[in-house]
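Colleague: Could you look at this predicted model? Sequence included:
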Amino acid sequence: MDSNGPDSWLTEAGFDRPPQVDLRTDRAHSARIYDYLLGGKTNFPADREVGDRLLGHVPGARAGARAARSVMHRMVRRLAEEHGVRQFLDVGTGIPTAPNLHEIVQAVDPACRVVYVDNDPIVLAHSRALLSSAPEGRTAYVEGDLREPERFLSDPAVAATLDLNAPIALTLINIVHFLSDEAAHPPVSKLVDALPPGSFLALTAGTSDHAPEGAADGARSYADAGIELHARSRAEVERFFVGLELDEPGVVLINRWHPELGEGQGRPDGEVSVYGGVGRKP
Ligand SMILES: C[S@@+](CC[C@H](N)C(=O)[O-])C[C@H]1O[C@@H](n2cnc3c(N)ncnc32)[C@H](O)[C@@H]1O
């Protein structure tokens with residue numbers, strides 16, 4: 001089937017509503033490659049081609065994507081249960097994949113509030129699944145780019161959903177590796193600066209520390225499709241947490257981040273290749 005025609009947009013990818021913008025399904029997109037690796041249906045031949053090339057170099061990429069998704073579950077559950085956070089700002093949300101962030105935290109407290117932000121129009125086209133808040137809480141979806149935090153922070157949906165004077169967890173899960181240090185650090189600092197004391201940053205980022213060849217080949221698969229990937233060492237990932245108090249156990253490979261809290265444990269380090277951590281703003 002030709003998945004690039006407008007009719008197949010609606011059938012193969014199963015949109016909530018017809019997209020108002022050209023989704024450029026002829027080009028690979030990071031959200032859709034990730035969806036393919038996770039076994040989702042919201043992807044197209046161009047995305048699957050990059051995904052298959054990546055799997056050729058990194059056979060554990062599917063397990064790695066699942067591990068990356070499950071650490072988000074553990075991080076936000078711990079933030080809600082142990083740290084009492086009730087508000088979340090998730091930038092680089094990705095195509096909805098159950099359970100979504102609000103479903104995890106609203107299982108702890110239905111009054112939790114979540115703002116989702118992504119810059120890929122396909123995520124907007126599927127955003128209805130992100131808006132299924134428990135009646136006691138609230139969720140919103142804002143189209144925005146991590147590189148322009150002022151723009152999405154000033155969206156009225158943010159102030160309507162989050163109390164900017166109460167602690168908020170900023171979640172940047174598997175997004176900063178699409179940006180260089182020069183591009184990623186200024187907006188992440190601006191976002192953390194905008195949050196009140198007692199807020200948190202939860203961040204994961206790809207590394208080549210444990211499987212350098214696979215990571216280099218994987219990055220080439222993305223680069224061939226025009227998508228930048230920047231692997232970071234542990235010290236480079238720790239730089240995102242400067243000025244914050246790191247939650248236990250610090251910045252570690254994500255399979256080692258509180259594995260007792262759920263799925264995702266038991267993966268060999270080389271299969272995961274993503275660091276993650278949580279820090280509290282004093
Ligand atoms: C690999 S997916 C991760 C999805 C989700 N956070 C997770 O871990 O399951 C990366 C997401 O970040 C989004 N993204 C990439 N660069 C972005 C940017 N500069 N601003 C906003 N979103 C971005 C992509 O569209 C994609 O949905």
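Modeller: Done, it's in. Predicted model, so just to flag it, every value in this text is computed and none were measured. Numbers count the residues shown, from 1 in each chain.
Colleague: interface residues of the chain facing the ligand?
Modeller: 30-31, 34, 68-69, 72, 91-94, 118-120, 123, 145-147, 173-175, 178 (CB under 6 Å from any ligand atom). All C-beta atoms are positioned from the backbone trio N, CA, C, and that covers glycine.
Colleague: Contact partners for whichever residue of the stretch 51-200 of the chain sits closest to the ligand?
Modeller: The ligand sits closest to Gly94 of the stretch 51-200 of the chain, with a gap of 2.6 Å, by CB to the nearest ligand atom. Neighbour list for Gly94: Ala31, Tyr34, Asp35, Asp118, Val123, Asn174 [criterion: CB atoms under 8 Å, 6 or more residues apart in numbering].
Colleague: out of these, who's nearest Arg53?
Modeller: The closest of the contacts of Gly94 to Arg53 turns out to be Tyr34 (CB to CB; 14.5 Å).
Colleague: Thought Val108 was touching Glu136, still the case?
Modeller: No: with contact defined as CB atoms under 8 Å, Glu136 does not count as touching Val108 (12.0 Å).
Colleague: Between these two, tell me which one has more neighbours.
Modeller: Using other CB atoms under 10 Å, the more surrounded residue of Glu136 and Val108 is Val108, with 18 against 11.
Colleague: which stretch of helix or strand covers Arg66?
Modeller: helix 61-81 (DSSP states H and E).
Colleague: Please, where are all the helices along the stretch 1-150 of the chain?
Modeller: 6-12, 30-37, 45-57, 61-81, 101-108, 121-125, 149-153 (DSSP state H, counting those that start in this stretch).
Colleague: Can you add mean pLDDT and give those helices back as a markdown table?
Modeller: Output for those, formatted as a markdown table (pLDDT from 0 to 100):
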| stretch | mean pLDDT |
| --- | --- |
| helix 6-12 | 33 |
| helix 30-37 | 95 |
| helix 45-57 | 92 |
| helix 61-81 | 93 |
| helix 101-108 | 97 |
| helix 121-125 | 90 |
| helix 149-153 | 97 |
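Colleague: can you put these in a markdown table and add distance to Gly226?
Modeller: Shown next, in a markdown table, are the helices of the stretch 1-150 of the chain (distance: least, CB to CB, whole Å):
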| stretch | distance to Gly226 |
| --- | --- |
| helix 6-12 | 21 |
| helix 30-37 | 11 |
| helix 45-57 | 10 |
| helix 61-81 | 19 |
| helix 101-108 | 28 |
| helix 121-125 | 16 |
| helix 149-153 | 23 |
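Colleague: out of those, nearest to Arg220?
Modeller: That would be helix 45-57 among those, by CB to CB, at 7.8 Å.
Colleague: other SSEs contacting that closest one?
Modeller: helix 30-37, helix 61-81, helix 212-224 (3 or more CB pairs under 8 Å, 6 or more residues apart in numbering; DSSP states H and E).
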